[in-house]
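**Q** next comes the sequence, and after it the predicted model I'd like to discuss.
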Amino acid sequence: MDGLSRRKMLLAGGALGAAGALSMASPAGARPLWTWSPAGSVAGAGAGVDPEWVWDDEADPVLAAVIDRGDVARVNAALAKWTRNDQALPAELPSDVRDFMEEARRLPSWADRTKLDRGSRFSKTKGIYVGALYGLGSGMMSTAIPREARAVYYSKGGADMKDRIAKTARLGYDIGDVDAYQPTGSMIVTCVKTRMVHAAVRHLLPQSPGWTQTSGGQTIPISQADILVTWHSLATFVMQRLKDWRVSVGTADSDAYLHVWQVSAAMLGVRQEYIPATWDAANAQSAQVLDPILAASDEGVALTEVLLDIVAELDLGLTRPLISAFARYTLGDRVGDMIGLSKEPVLKPLIAAAWPLLVAFREGLISFPVIPSVAWTLEEAIRQFVLLFLGEAKPIAISIPDTNRPS
């Protein structure tokens, strides 16, 4: 543990980041018609416009102008100085960027500080489960989301995948921090910077031949539908699995955890008419936008290999076979096959039999059971994974890209 840096942990949790920051969706034709009603949103009403054709009217023109006038280096130098929610914006920012950020940093009027604090505490209380599901569940699932994998691969960070994943992981770390939305926290900072990165990528990726040839007909990346796909691969997926595992989650904690993600979606620029108001609404939306679009892609398989290497390199006992077996248990064989995980015919059945017993024991549902040693090995490795993830941070700057992946 001593030789491991927080940066390496962010690389591992960046499985989550590939999901959390650059969210994408599906191959052409796989996505069903949008029928989800805005009556189920936090807004309670809306026009019902398909989010596939909605982007970010506030951020997109600002970041396009920054790139076109050659201001990226100047903006990144200023952004590097803004690290806490309560900080004033750097004076060196161009006026159009500052005006956008001052508005973007405001929490939505319906944000509940009490719920936000409780939601962050819940992520810590159930940290071993939430951390495992973020890093070894949601993160691996992200590589089965073709648009997401291709956006990561063909944008600038694709040339250095470890660095890219480390940066996108920042969102996953900050959302679970106990001070996330407190003045001393950094979730607002992370959301605003990530929103700006999304806008920059929307401007740049259409200029990439690699991306345009594999985009499935999408002409502008990272639509609101794409962000919702990733939102569900994180928040909705985690809550579904916690229930599947029979982890004890009270109503107040469940609502608070949802609220953290609702506010985070709004801070990333998602229109309120698309943000689910309840878990039932979230499950219904997820069934429409996430489940049907999971698919294999060359870029996704390549990204899976990077993620497996990163986690294994942490030397916490999470070997590639163990990671593959746990991911297959968590995601299912269909997704496991999509992203090229090894079959693990011995380890996977062992985990499938032992993990539920271990969780039941930890939750006080059963007395000390006979559990195969592989489950204790896995639990300890995940515990170390989560402890390192929640440890002291080496700052990782989220910066605006100025080009795509070099050809």
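**A** Okay, I see it.

**Q** and residue 341, that one's in a helix?
**A** No - counting by DSSP: H, G, I helix; E, B strand; the rest coil, residue 341 is not found in a helix; it is coil.

**Q** tell me how many other residues surround it.
**A** A count of nearby residues for residue 341, using other CB atoms under 10 Å, gives 25. Any C-beta I mention is one placed from the backbone N, CA and C, and that applies to glycine too.

**Q** gap between the closest residue to it other than its chain neighbours and residue 52?
**A** Among residues not flanking residue 341 along the chain, residue 324 sits closest, at 4.3 Å (CB to CB, 6 or more residues apart in numbering). As judged by CB to CB, to the nearest Å, residue 324 and residue 52 stand 33 Å apart.

**Q** likewise for residue 86?
**A** Applying CB to CB, the value for residue 86 to residue 52 is 36 Å.

**Q** between the two, point out the one with more neighbours.
**A** Per other CB under 10 Å, whichever of residue 86 and residue 52 has more neighbours is residue 52, with 18 against 11.

**Q** dump the residue contacts of the closest residue to that one other than its chain neighbours.
**A** What sits nearest to residue 52 in space, not counting adjacent residues and going by CB to CB, 6+ apart, is residue 225, at 4.2 Å. Residue 225 makes contact with 25, 31, 34, 50-52, 54, 289, according to CB atoms under 8 Å, 6 or more residues apart in numbering.

**Q** hmm, residue 344 and the residue nearest to residue 341 touching each other?
**A** Yes - using CB atoms under 8 Å, residue 324 makes contact with residue 344 at a distance of 5.3 Å.

**Q** excluding its backbone neighbours, what's nearest residue 43?
**A** In space, and not counting its chain neighbours, residue 43 is closest to residue 272: 4.0 Å by CB to CB, 6+ apart.

**Q** wait, that neighbour sits on residue 109?
**A** No - with contacts counted by CB under 8 Å, residue 272 stays clear of residue 109, the gap being 9.8 Å.

**Q** just the buried positions in stretch 77-84, please.
**A** Across stretch 77-84, burial judged by 16 or more other CB atoms under 10 Å covers 78-79, 82.

**Q** first to last residue in that stretch, what's the distance?
**A** 16 Å (CA to CA, to the nearest Å).

**Q** and residue 303, how far from residue 324?
**A** Residue 303 is 15 Å from residue 324, where distance means CB to CB.

**Q** compare the two (neighbour count), which wins?
**A** Ranked by neighbour count (other CB under 10 Å), residue 303 and residue 324 place residue 303 first, with 29 against 23.

**Q** average pLDDT for whichever strand or helix holds the more buried one?
**A** Secondary structure assignment for residue 303, by DSSP states H and E: helix 298-313. Averaged across helix 298-313, pLDDT comes to 86.

**Q** once you drop chain neighbours, what's closest to residue 211?
**A** The shortest distance from residue 211 to any non-neighbouring residue, by CB to CB, 6+ apart, is to residue 154 (4.1 Å).

**Q** average pLDDT for stretch 103-123?
**A** Across stretch 103-123, the average pLDDT comes to 95.

**Q** which parts of that stretch are buried?
**A** Residues of stretch 103-123 classed as buried by neighbour count (16+ other CB under 10 Å): 104-105, 107, 111, 115-120, 122-123.

**Q** residue contacts, residue 328?
**A** Contact analysis of residue 328 by CB under 8 Å, 6+ apart lists 336, 341, 343-344, 348.

**Q** Throw together a PyMOL command that grabs the buried residues out of those residues.
**A** To isolate the buried members of the contacts of residue 328 in PyMOL, using 16+ other CB under 10 Å:
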select buried, resi 336+341+344+348
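
**Q** which among the contacts of residue 328 gets closest to residue 368?
**A** Closest approach to residue 368 among these (CB to CB): residue 348, at 24.5 Å.

**Q** got a pLDDT number for that closest one?
**A** In this model, residue 348 is scored at 94, pLDDT.

**Q** where does it sit, in terms of helix or strand?
**A** If you go by DSSP H and E, residue 348 is part of helix 347-362.

**Q** can you give me the buried ones in that helix?
**A** When neighbours are counted by 16+ other CB under 10 Å, the buried residues of helix 347-362 are found to be 347-348, 350-351, 354-360.
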